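> Could you work out the structure for the sequence below:
(4 chains)
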There are 4 protein chains.
Amino acid sequence: MRLVMKFGGSSVADGRRIHHVAEIVSQQRSLGDEIVVVTSALGGVTDKLISVANKLSVVGDELKILEALIKLRDQHTQAAMDAINDPDIIERVEEVIALRLDELEKALIGISHLGELTPRTLDYITSFGERLAAPIVAGAITTLGYEAIAFTGGEIGLITDENFQNATPLEYAEDKIREFLIPALAHCIPVVTGFIGETEKNVITTLGRGGSDYSATIIGSSIDADEIWLWKDTEGIMSADPKLVPNAKKIPVLAYIEAMELSYFGAEVLHSMSMEPVIRKKIPLRVKNTFKPEDSGTLVIEEPEKIDDVVKAITVIRDCALINISGFGMVGTPGVAAEVFGALARKNVNIMMISQGSSERAISILVRESDLKKAKSALKSCFPNIKKEITLRDDVAAVAIVGAGMAGTPGVAGRIFSALGSNKINVIMISQGSSEYNISMVIKDSDIERAVQAIHDEFKLGESGDA
Amino acid sequence: MRLVMKFGGSSVADGRRIHHVAEIVSQQRSLGDEIVVVTSALGGVTDKLISVANKLSVVGDELKILEALIKLRDQHTQAAMDAINDPDIIERVEEVIALRLDELEKALIGISHLGELTPRTLDYITSFGERLAAPIVAGAITTLGYEAIAFTGGEIGLITDENFQNATPLEYAEDKIREFLIPALAHCIPVVTGFIGETEKNVITTLGRGGSDYSATIIGSSIDADEIWLWKDTEGIMSADPKLVPNAKKIPVLAYIEAMELSYFGAEVLHSMSMEPVIRKKIPLRVKNTFKPEDSGTLVIEEPEKIDDVVKAITVIRDCALINISGFGMVGTPGVAAEVFGALARKNVNIMMISQGSSERAISILVRESDLKKAKSALKSCFPNIKKEITLRDDVAAVAIVGAGMAGTPGVAGRIFSALGSNKINVIMISQGSSEYNISMVIKDSDIERAVQAIHDEFKLGESGDA
Amino acid sequence: MRLVMKFGGSSVADGRRIHHVAEIVSQQRSLGDEIVVVTSALGGVTDKLISVANKLSVVGDELKILEALIKLRDQHTQAAMDAINDPDIIERVEEVIALRLDELEKALIGISHLGELTPRTLDYITSFGERLAAPIVAGAITTLGYEAIAFTGGEIGLITDENFQNATPLEYAEDKIREFLIPALAHCIPVVTGFIGETEKNVITTLGRGGSDYSATIIGSSIDADEIWLWKDTEGIMSADPKLVPNAKKIPVLAYIEAMELSYFGAEVLHSMSMEPVIRKKIPLRVKNTFKPEDSGTLVIEEPEKIDDVVKAITVIRDCALINISGFGMVGTPGVAAEVFGALARKNVNIMMISQGSSERAISILVRESDLKKAKSALKSCFPNIKKEITLRDDVAAVAIVGAGMAGTPGVAGRIFSALGSNKINVIMISQGSSEYNISMVIKDSDIERAVQAIHDEFKLGESGDA
Amino acid sequence: MRLVMKFGGSSVADGRRIHHVAEIVSQQRSLGDEIVVVTSALGGVTDKLISVANKLSVVGDELKILEALIKLRDQHTQAAMDAINDPDIIERVEEVIALRLDELEKALIGISHLGELTPRTLDYITSFGERLAAPIVAGAITTLGYEAIAFTGGEIGLITDENFQNATPLEYAEDKIREFLIPALAHCIPVVTGFIGETEKNVITTLGRGGSDYSATIIGSSIDADEIWLWKDTEGIMSADPKLVPNAKKIPVLAYIEAMELSYFGAEVLHSMSMEPVIRKKIPLRVKNTFKPEDSGTLVIEEPEKIDDVVKAITVIRDCALINISGFGMVGTPGVAAEVFGALARKNVNIMMISQGSSERAISILVRESDLKKAKSALKSCFPNIKKEITLRDDVAAVAIVGAGMAGTPGVAGRIFSALGSNKINVIMISQGSSEYNISMVIKDSDIERAVQAIHDEFKLGESGDA
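Residues are numbered from 1 along each chain as shown, chains lettered A, B, ... in the order given. Model prediction:
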């Protein structure tokens, strides 16, 4: 079997965990599988890099650079020592770390001297997180008897456009990755930095939405992997956020489409952009728990065999704001929606939910609370000739109930809203698109816990699971 | 009391009904009220005028003109004789009818000769319906002892813009109407043609959306009427279309806002545009039944005293089509909604319902079936760089459930969808705007009757009424 | 030889002239040539039609219609009697005139009744000028022994777009014209109404710029005519307007390109749009004088054999206005010209001359005086952030000096400006495009006569000509 | 008298010249005048800085940085020693130079490390030229007995927008400069870096068009200088480029407007943007020769007393390309010019000359040869529905003849073009804007020398001058 295994930040947070990751990999390798490892950065490293770069762009400070480098060196050296048993390999890894830190020092000095932090430089700086972690992971695996080699995204052929901070792989990147990795797999376990690409001119970029997951699925698609495993510190994809619903359960099998609808669920594990290569090639995706490697986790495939559960999971987005626009002249006027959404797009406001009922007299829009100010000012300038009223409320949250079985099953909406009604939870806005896999609603933020629990109970999601 | 009474087409369909209208008016006048009557055209007249004008613009035909004029003369003469008892007054009315028909003849000859039917000419032609009816109505009232005089909208000061077929009153029109009608009320009952205005250059226009209702509410607002009565051939505003729900009941009191949400209900009696002057001046509006003038009908006011019924009424719009657009690149991209609605607006497609759930991956749009073709071609050209999927279905209808009491009453949505679920009716799309007076949904057209009946029963709307 | 002969308004002004036209045609026919005649309307008819239509659209007036019809009937009956000797043919022509006048009467009644004059109706009304003239011309020719038949543009296949008042022939019109006229030429002399086309739905249109000349050149191109003769009441194309320059002389031979540059010269005889079919097919064009049919007139061909005269002619456009825009921030700013001309285009201002020198600090624009107001208001809103100065003067006229020989002949500009200098005539603006066939300049209107005479003298244009 | 003296690059090219500059300044100071000195960078320094920064952004190279710094240190140290006699002052100046070079080193290391050269960083790098020169100039003056202090643009209050590489002073900058310099003038001679400003956040910018001249005129305007002296290595503004016309003579007095028209003349000495503050405040401007400080140079004022010479000077722009666009449908179509210039603006093509004659059939545009490719591709997409022809030639140059006396003097154009004609020089394009101070023309590049000489001779410009 050919596998891509991606380890998230918590799985490689420190040396012990990396050692555990190495054990998982070598254990699987011992079964004869070909494996590509995609790694994230060590715990806290990316944030630390961004923070120091930002500070240096405002006030140059050689001491701050030194301090940051020392901390990073200590953190990674310690991790190497914890992860790797063989002193020779530790030494080699420490050399690589030292070289990378030299490179980082120069970049930080550059920022410090020029007082400017461009998107391009920020991509370069943040790339050091994964580029420092990969050699340690590779060293740890090698110690266990299987040669592993660290590569950057650019080295394996992950060529992207020049849209720094949010780069997209070019079409021919998959060909380049295949050409590089297939021969490499014959003699080693490649350990690839997730999240990082390179332009055609060899300038480092970072992938936008989806990050390291996207690296893993692009690589999986390039080498026609049999499965892609996303390792996390949770049991898999859950029926609800366990912080909200204590009896939330792991979902054993999900359809791609459901996983995408759930993309906001918990740490945004499955951004829909990163699903694209997987769906295109119909590669099974598995979300597994590094603490329970023997557990089958959640399997995401095109069409699960039997869909008995109409509702699979419930997701929540907090910190939302609701905008309601109404006015006499809006009725039956083609172009009202176009003007509203055009104004919001020009101010770069992302629309989370839209609802316009058949009376055509009002449009309701849900946005992130952080976009509310921009949205308000954008809407003020719309329809100068129409008496309109704009009302806002920012004490709301969005809830989405997801399940492919909802399509064509009458009564699901009734069960959902009855469950809410019995609990005296008022529903402020409802939107069900024609995909029918998803009913979204807006409720008061203070009602969220009770609402999610009520729906979770109604559909007995706490009792499901592959026990 | 100062009243505006507007009689719809069915109330003045023929001479007998006009006589009945005259009795209603004089009966009310005898109580000492000041009354302005707004009249529609006789039964079938407007359609006949449009039809003959269209035919003549294609093929000129003097015989067809003659034939049409004879029919109109006969219809109106007969109506005059049936409506009016006094031969002198009948004679005077017939003279006016003859003069108007002469004018119409010339216009029809004009169309016939030039082979062209412009919006301006069409407004002129359709104005004859009301202009022929008003003298008969005035004559019938006069016969009963109260002098009534027929006026056109232009004559009383209803000045509009030059947007033929869909004219809007100018701001100062209300001042002109007041100046004209207040003195007139002192010595007569003005009978005003509904639906008709005039530009500042004295060219006849027709009001757009709302028509004669709009004339009535503008006049009511101008003269600070105490109430505005819209006379129809139904009992008032009903809880549902009686053709769909046999036990539908009259609603005794409604809020303005509910009436507007119901604006599509039955014959579009209360277009929201025509509500504007009423809401501005807080004038009570009454929908009354010409066949039961003693019945209080439906009273529409700003804030009904007690709102005990959470759901007031159910409306249906048939012949709809549902469009669903989805694609990977759409997620979290500000501007997707703007592009979609911009494209639709440029093709003049009216949006009836919009739904976009929190996964941000798809937008669903409900349009009239007649706009489906335009909508499809508009959407094809959107996002050329994004792989997108557009699906369509045209076997659907929209249902709106309306009630001001729905706001803040948990459980309403649950009751609605449970009722549908028990009846195995699948809900394809749901949209509830933040106005909370309205839940709109899309279901299969073939499910409509069962759906409306089920909700009607759930909320026991058949048992309400002012019995 | 296959000829298209187009007779201008002055050539068919009345019956005597039409008789003369018939003699010219039959004389040429007797030489064995195939001839298509394109005719204009009788003297003053088109203006009369427009004037009465306009008046009737404001105030309907049956008497005015009658009066107009009687005048037109008398004018055309008299013309028929003067042009045609054979009483039978006169009778037949009078019948046709009577039928057309009946048709016109209806159209005028239509306008009178509807009070509206659309571009479509105006095209229909003005078409009667040519449609009344063609039968008389055909009759006059028939009397002289060659059967001639009158056709409208639509009848021969001149199909246009629906851009009323300024219609353009559709691409396949030439095929339709060929199919119709080639067989017709075998047995008659077709007399075609100039200036008039028809949409695909048989609604009459009028050609825009170029009018009857355009009809003639389209027909000439369609039937691969050997020559196209444009008959006028002048000797041909003149070296200058004889009203300005008494010793102006006829130009015997001109290149197409020169004729186009001269297109404004005298009554706009050769609008460049109407030159397009001629240039495409390289058909020689001849401007001839109906009063001197034996004179060779002016021949317009692709490349005249020898170009000895560097300057051929001088044209003048009066009633111009000069706009000068200058400002500091304009220098070297790409987009200044775009903004200026964009603003003018949105207000529909036609640009006659543009001049911007190498200092890039100012742009000068010549427009028609009638466009000055629009231009001023358009320019005020340009570059709100740049301190700019806009100056205007409206006492100016444009002079263009034309001659293909100017290209590559050093010293022409020197002779022109020296001639002006010696006469103390100040040149306000100069523009010579890279076509080098044309030097345009702006001078004070009060200097025009002296300026044109001076240049005319300098190049001895009064001595040229094929005397 | 209060003077601003700006010394160009050649005037401060090395230490000897700086010493000479110091003598000029102190000589003038000894007469009691208040003086602000504006200085450029030493010879070749700015180019060297740009070149090394560009190289380092591609390949980081510590040696190259060192090499550049050593060269710059040597050049400026040598200059200090040559310019200044007092060893103490030399030492102090060398200290400042060393500090600045340390700062530069860091910036170069930054570029080298980050591999990126943003406009902001480029402004910072190029600022070192002036910032290294100013202390030397100040030291040299101080040695001669008048205390001089070096300031940067930012230090004196020259606040600009953030448009790096082409910054514009903010409106309130003049107030800040006045507040700073007036008190400073009381006790020293301020030596200000030309060409350099600073944003409100203290980030260094460089002024765009006009550079150090602009600094000088802004300062002059701020402190209400009596005169502004621009010191160069030429005699003043010349009647023509002496390389083209050996007997070119200095022009003693010029009007502002003439100077602006001549702005392209020789090293772009008087960019029109930098004239704006001078014209606003009517401050006389003097172009003087550092090698002949006693010579009065060229005085530029608002209105020279007597304008006897109609033509003052001739300028030339080589490496131009001519584009001619023609087509049938263009005639009389408002919007043609807008579309052409809009397309060119979008591609950032700067228009040097425009000519469109009265035939409205063609537009000719002169652009820089370097813009030709962009221009061609921009124009191809214009008017897709019109058959158009675009011709190009790139063997041309532009000549502008300038003189305020040309306005209203008939015969000037005649003399110009006669002179060219006698010399068999063909004029390809002519444009005279309504400012009448300027006739521009396009001729073959190979004719340029003869053309300029001929016009120069015709107007006896070689005999003028204040000899």
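> okay, CA-based contacts and neighbour counts for the rest of this
OK.
> for chain A, longest helix please?
helix A:87-114 (DSSP state H).
> which strands and helices sit next to the helix or strand just after that helix?
Reading on from helix A:87-114 to the C-terminus, the next helix or strand found by DSSP states H and E is helix A:119-143. Helices and strands touching helix A:119-143, by 3 or more CA pairs under 8 Å, 6 or more residues apart in numbering or on different chains; DSSP states H and E, are helix A:15-29, strand A:34-39, helix A:45-58, helix A:62-83, helix A:87-114, strand A:148-151, strand A:189-193, strand A:204-206.
> Please identify which helix or strand holds the nearest residue to A:Ile35 once chain neighbours are set aside.
Distances taken as CA to CA, 6 or more residues apart in numbering or on different chains put A:Leu3 closest to A:Ile35, at 4.8 Å, once the chain neighbours are dropped. Here A:Leu3, judged by DSSP H and E, is contained in strand A:2-7.
> Identify the residue of the stretch 51-200 of chain A closest to chain D, quick one.
Per CA to the nearest CA, A:Gly110 is where the stretch 51-200 of chain A lies closest to chain D, at 3.2 Å.
> residues contacting that residue?
Residues counted as contacts of A:Gly110 (CA atoms under 8 Å, 6 or more residues apart in numbering or on different chains) are D:106-107, D:109-114.
> Specify the next element, helix or strand, located C-terminal of the lowest-mean-pLDDT helix or strand in chain A.
Ranking every helix and strand in chain A by mean pLDDT, DSSP states H and E puts helix A:265-268 at the bottom, with a mean of 48. Following helix A:265-268 in sequence order, the next helix or strand is helix A:272-281 (DSSP H and E).
> Break chain A down into its domains, please.
Per the record, chain A has its domains at A:2-233, A:313-458, by automatic domain parsing.
> And the longest one, end to end?
When you say that, I think you mean domain A:2-233. From its first residue to its last, domain A:2-233 covers 23 Å (CA to CA, to the nearest Å).
> how far does that domain sit from the chain's center?
Counting by CA atoms, centre = their mean, to the nearest Å, domain A:2-233 is centred 16 Å from the centre of its parent chain.
> mean confidence for that domain?
Averaged across domain A:2-233, pLDDT comes to 95.
> In terms of helices and strands, where is A:Gly32?
Here A:Gly32 is assigned to no helix or strand, by DSSP H and E.
> Who are the contact partners of the closest residue to it other than its chain neighbours?
Nearest residue to A:Gly32 in three dimensions, chain neighbours excluded: A:Met1, at 7.6 Å (CA to CA, 6+ apart). A:Met1 is in contact with A:32-34, A:225-226, counting by CA under 8 Å, 6+ apart.
> repeat for A:Ser26
Applying CA under 8 Å, 6+ apart, the residues near A:Ser26 are A:141, A:144-146.
> Strands along the stretch 301-450 of chain A, start to end?
Secondary structure of the stretch 301-450 of chain A, counting by DSSP state E, counting those that start in this stretch: strands at A:313-327, A:351-356, A:362-368, A:388-402, A:427-432, A:438-444.
> now the angle from the longest helix of chain A to helix D:119-143?
60 degrees (axes from the mean of the first three to the mean of the last three CA atoms, to 10 degrees).
> Now do helix A:87-114 against helix A:62-83: the angle between them, please.
Using the same axes, to 10 degrees: helix A:87-114 against helix A:62-83 is 160 degrees.
> what's the spacing between the residue of the stretch 151-300 of chain A found nearest chain B and chain C?
When scored by CA to the nearest CA, the stretch 151-300 of chain A has A:Glu261 as its residue closest to chain B, at 5.2 Å. Using CA to the nearest CA, to the nearest Å, A:Glu261 is found at 47 Å from chain C.
> For that residue, grab the count of nearby residues.
29 (other CA atoms under 10 Å in any protein chain shown).
> any idea how far B:Ala148 is from A:Asp371?
Taking CA to CA, one finds A:Asp371 at 60 Å from B:Ala148.
> Minimum distance to D:Asn247: which of the strands of the stretch 301-450 of chain A has it?
strand A:351-356 (72.4 Å; CA to CA).
> Give me the buried positions along that closest one.
A:351-356 (16 or more other CA atoms under 10 Å in any protein chain shown).
> Just the angle for it relative to strand B:362-368, thanks.
20 degrees.
> name the helices or strands packed onto strand A:351-356?
By 3+ CA pairs under 8 Å, 6+ apart, strand A:351-356 packs against strand A:362-368, strand A:427-432, strand B:351-356, strand B:427-432.
> by contact count, what packs against the second one?
In this structure, strand A:427-432 makes packing contacts with strand A:351-356, strand A:438-444, strand B:351-356, strand B:427-432, judged by 3+ CA pairs under 8 Å, 6+ apart.
> Mind doing that once more with 7 Å?
Judged by 3 or more CA pairs under 7 Å, 6 or more residues apart in numbering or on different chains; DSSP states H and E, the packing partners of strand A:427-432 are strand A:438-444, strand B:351-356, strand B:427-432.
> Direction included, what does that strand pair up with?
Applying DSSP bridges to the sheet, strand A:427-432 is found paired with strand A:438-444 (antiparallel), strand B:427-432 (antiparallel).
> How about A:Arg2: which residues does it bridge to?
Beta-bridge partners, per DSSP bridges, of A:Arg2: A:Glu34.
> Pull the contacting residues for it.
Neighbour list for A:Arg2: A:33-35, A:225-227 [criterion: CA atoms under 7 Å, 6 or more residues apart in numbering or on different chains].
> now it: how far from chain C?
58 Å.
> gap between that residue and chain D?
38 Å.
> can you tell me how far that residue sits from A:Asn289?
In terms of CA to CA, A:Arg2 sits 19 Å off from A:Asn289.
> Over to A:Lys71?
For A:Lys71 relative to A:Asn289 (CA to CA), the value is 29 Å.
> higher neighbour count, the two?
A:Asn289 (23 against 14).
> Would you check how far apart the more buried one and B:Asp82 are?
A:Asn289 is 88 Å from B:Asp82, by CA to CA.
> Could you tell me the least trusted of the helices and strands packed on strand A:351-356?
strand B:351-356 (a mean of 82).
> distance between that one and the chain's centre?
Counting by CA atoms, centre = their mean, strand B:351-356 comes out at 23 Å from the chain centroid.
> any idea of the angle it forms with strand B:388-402?
Going by the same axes, to 10 degrees, strand B:351-356 makes 110 degrees with strand B:388-402.
> Parallel or antiparallel, list what pairs with strand B:351-356.
strand A:351-356 (antiparallel), strand B:362-368 (antiparallel).
> could those strands go into a markdown table alongside distance to C:Ala22?
Listed next are these as a markdown table, based on distance: least, CA to CA, whole Å:
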| stretch | distance to C:Ala22 |
| --- | --- |
| strand A:351-356 | 74 |
| strand B:362-368 | 63 |
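> Tell me which of those strands sits nearest to D:Val25.
Using CA to CA, the strands paired with strand B:351-356 put strand A:351-356 closest to D:Val25, at 65.7 Å.
> Now do that closest one: everything it contacts.
A:362-367, A:431, B:334, B:353-358, B:360, B:431-433.
> Go again with 6 Å.
A:363-367, B:353-358, B:431, B:433 (CA atoms under 6 Å, 6 or more residues apart in numbering or on different chains).
> still on that earlier bit, just the buried ones from the contacts of A:Arg2, in ChimeraX syntax?
Buried members of those, defined by 16+ other CA under 10 Å, are picked up in ChimeraX with:
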select /A:34,35,225,226,227
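> Stretch A:420-436: which residues count as buried?
Buried, per 16+ other CA under 10 Å, within stretch A:420-436: A:420-421, A:424-436.
> now do stretch A:134-145
A:134-144.
> okay if I get the domains of chain A as CSV plus distance to C:Gly405?
Listed next are the domains of chain A as CSV, based on distance: least, CA to CA, whole Å:
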stretch, distance to C:Gly405
domain A:2-233, 56
domain A:313-458, 57
